[in-house]
Structure formats: C-alpha cells, structure tokens
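Peer 1: Would you be able to build a 3D model of this:
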Amino acid sequence: MLVEIACMQENSRPIPGFLKQRNQSAKRTTIILERKEREFIESLIAEGKEPGIKPLISKMLEIYKTLMIYDWRFPGEYYCGISRIAFVNVELLNILTQQIPKTQWLETGCKMGQVMQVSIESTLGVKPTERCNWEKVFERLKAQGFGDFQLKDKFLLLKTPFINDCEIWRGLMQGLLGVELETRNPIPPLVFEVKKHKQPSD
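Peer 2: Residues are numbered from 1 along each chain as shown. Predicted coordinates for the structure are as follows:
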C-alpha cells in the first residue's frame, strides 16, 4: 500500500518543531507499508486512537526525538544520554520506597536528585541548578514519566507523580535543582515552596 503524506497548507496543522529547527519545509513523502503494518494503522484509526496517518507519523517522530530513541539499544537495553532506562511498574518502586525508613526518605531523595542532576546535565547540556533551565528539566522529567512539573511564582507543583511519598520528592527536587524546598501540600498534587538556592558544598 502506498501512503502519501500531503504537503501542509496554511490552514492545516502547524509544522512540527523538529522540521522548523532544520529550516525545512514540509514535503510530500511516499511510504510503502506491509499488509500487517497497514492493517494495524487502519485499526488504530478505526478505533479512534489516532486521527490519521499523518498525525500518527508526526507523533512517532516527536516521541523518537524526545525520548532519544535513536540511542536505544533495542530491545531490552535503553539509554537516555548516559543513563540506562528501564520500564518498571510503579507498584514495584513503591514497594522499594516502603522498605526505606521514613526518617531517611529526604536523604535518599537528595541522593537520587544529585544523580539525576549529573544525568540531565550530560543529556541536555544544561545545568539543572540554574533556574533559567528548569523548564527544560521539567520537560525531560515529564517525558520520562516522573510527573507533570509546573513553577508558579515561588511554588513548585508536581501533578501525577509516579510515586506519592512527599519527602522523597522534596529531597529529590532539592538534590536535582540545588534549592531548599518547604512542603505546602504533602499529597498529590504536591506543592513545594522554593525557599532559596543551596550553597555549593565546595
């Protein structure tokens, strides 16, 4: 089956960001699909899971870029920058966190955040401790499934966290962003007040 991806007109969907960054105009492309591939895509469209072939391919490319799938050693060994990624059930992570004494949740979270700081800095090429980079950091965390982060004035909001233990999150974000946080809402959506940047240990 031949599938033609039509050129975008002025009244169609905006050109995806990955095309704009390369200063390329959208071009008509022909893709040859095997029968099983065609049937799978048609079933997605028929079930309302995808609106059409063009939006599906655009989404696939955006996911490919955002999650750095080009670095994955598929199957079973996935890397995002220097960090190996594993698809793990949230229930398993919650079992692990429940084995940590509550008195150590903050410290454990801080250590996790410090490791994430190195990983994100090497992956994105930005320092998570600089507030001007927080939006990029939050986008990366959201793409990796950590949750939806928003900064409103001096408050850091965390919607849909993948684990619910507030003190672990407070420590994690303090270690990652290099700030001191004060908990304002300990249940999701979590709310922390950004008090001040921590002084470098050295």
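Peer 1: the strands in this protein, which residues?
Peer 2: Applying DSSP state E to the chain gives strands spanning 2-5, 29-32, 78-80, 83-85, 148-152, 155-159, 179-185, 190-197.
Peer 1: Out of those, which is closest to Glu42?
Peer 2: Among the strands of the chain, the nearest to Glu42 by Cβ to Cβ is strand 2-5 (10.6 Å). For glycine as for every other residue, the C-beta is placed from the backbone atoms N, C-alpha and C.
Peer 1: so for that closest one, what's the average pLDDT?
Peer 2: Per-region confidence: strand 2-5 scores 48 on mean pLDDT.
Peer 1: hey, what's Val191 bridged with?
Peer 2: Note on Val191: beta-bridge partners by DSSP bridges are Leu157, Asn185.
Peer 1: Can you give me the pLDDT of it?
Peer 2: We note a pLDDT of 97 for Val191 in this prediction.
Peer 1: related to what we said a few turns ago, right, so the strands of the chain: which one is the most enclosed?
Peer 2: Each of those was scored by mean neighbour count; the highest is strand 155-159, a mean of 18, by mean count of other Cβ atoms under 10 Å.
Peer 1: In terms of pLDDT, where does the residue sitting nearest the centre point of the chain sit?
Peer 2: With distances taken as Cα atoms, centre = their mean, the chain has Ala143 as the residue nearest its mean C-alpha position (1.5 Å). Ala143 carries a pLDDT value of 87.
Peer 1: Can you pull the poorly scored residue ranges out of the chain?
Peer 2: For the chain, applying pLDDT under 70 flags the ranges 1-25, 198-202.
Peer 1: Residues contacting the biggest helix by length in it, please?
Peer 2: The single longest helix within the chain, with elements called by DSSP state H, is helix 105-124. Residues from elsewhere that reach helix 105-124, judged by Cβ atoms under 8 Å, 6 or more residues apart in numbering: 68, 80-83, 97, 100, 126-129, 133, 136-137, 140, 165, 167-178.
Peer 1: Once you drop chain neighbours, what's closest to the residue nearest to the centre of the chain?
Peer 2: Excluding the flanking residues, the one nearest Ala143 by Cβ to Cβ, 6 or more residues apart in numbering is Thr66, at 5.0 Å.
Peer 1: can I assume the one you found is in contact with Gly145?
Peer 2: No. If you go by Cβ atoms under 8 Å, Thr66 and Gly145 don't touch, sitting 11.9 Å apart.
Peer 1: Those two: which is more packed in?
Peer 2: For Thr66 versus Gly145, neighbours defined as other Cβ atoms under 10 Å are more numerous around Thr66 (15 against 12).
Peer 1: Distance check, Arg35 against Ile41.
Peer 2: The gap separating Arg35 from Ile41 is 11 Å, by Cβ to Cβ, to the nearest Å.
Peer 1: Between those two, which has more neighbouring residues?
Peer 2: Using other Cβ under 10 Å as the criterion, Arg35 and Ile41 rank with Ile41 on top: 18 against 8.
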